[in-house]
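J.: give me a 3D structure for the following:
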Amino acid sequence: MTILLLFSFALTAWAVIIYNRLVRDRQRVLTAWSDIDVQLKRRHDLIPKLVAAVEQYARYEQSTLQTLIELRSRTGQVSDVVEKGALETQIGGGLRGLIALAEAYPELKADRSFLQLQNDLTEIENHIQYARRFYNGSVRNLNTRIGSFPDLLIARLFRYAPQPFFTLDSAAEKEPPEALS
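T.: Numbers count the residues shown, from 1 in each chain. Here you go, the predicted model:
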């Protein structure tokens, strides 16, 4: 009887420990996503300022500017990590195109407020990259735990599901925009 009681206690303790680890890992994923969301909001808040600065000089580039604004508004309507990642990749490409426009407009390239916005964008892109790495590491840990025996027994019991990675669709998106000199 004592052995059975000790075995039951050990089994319960094991289940509680695994469950608590799953909860901890899930919270890390949620926190990491929140960090990405904050950085994406900072980037989205910068877009209208960049567009306004470029509009003053590049009146012929309205389609590029309009596309960037449309993408920015669409990201607020998406909550799925994979879809948001695809939209953010497009935004990153649009921002690179916007920065590249400065090469064609020397006055814009020399504009102090544009240069400050560009530096802010570079800083934000670096923060997004760090937040993305932390998120993907947290997702990797949770998904490994969910798929590993014996943790998967508790994960399945409580309906834990693997989380998607926040991936990049293009190699160009992996690099932050460079400041113009």
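J.: output the below-cut-off pLDDT ranges for the chain.
T.: With pLDDT under 70 as the threshold, the chain has low-confidence stretches at 58-61, 168-181.
J.: any chance you could map the helices in it?
T.: Using DSSP state H, the helices found in the chain span residues 2-57, 62-75, 81-104, 106-110, 112-147, 151-157.
J.: ok now the first one, how far from the chain's centre?
T.: It stands for helix 2-57. Relative to the chain's own centre, helix 2-57 is displaced by 12 Å; criterion: CA atoms, centre = their mean, to the nearest Å.
J.: how big is the angle separating that helix from helix 62-75?
T.: When axes from the mean of the first three to the mean of the last three CA atoms, to 10 degrees is applied, the directions of helix 2-57 and helix 62-75 differ by 150 degrees.
J.: counting contacts, what elements does helix 2-57 pack onto?
T.: Where contact means 3 or more CB pairs under 8 Å, 6 or more residues apart in numbering; DSSP states H and E, helix 2-57 is packed against helix 62-75, helix 81-104, helix 106-110, helix 112-147, helix 151-157. Every C-beta, even on glycine, is put in place using the N, C-alpha and C of the backbone.
J.: next, the buried residues of the shortest one.
T.: Neighbour counts using 16 or more other CB atoms under 10 Å place 108, 109 of helix 106-110 among the buried residues.
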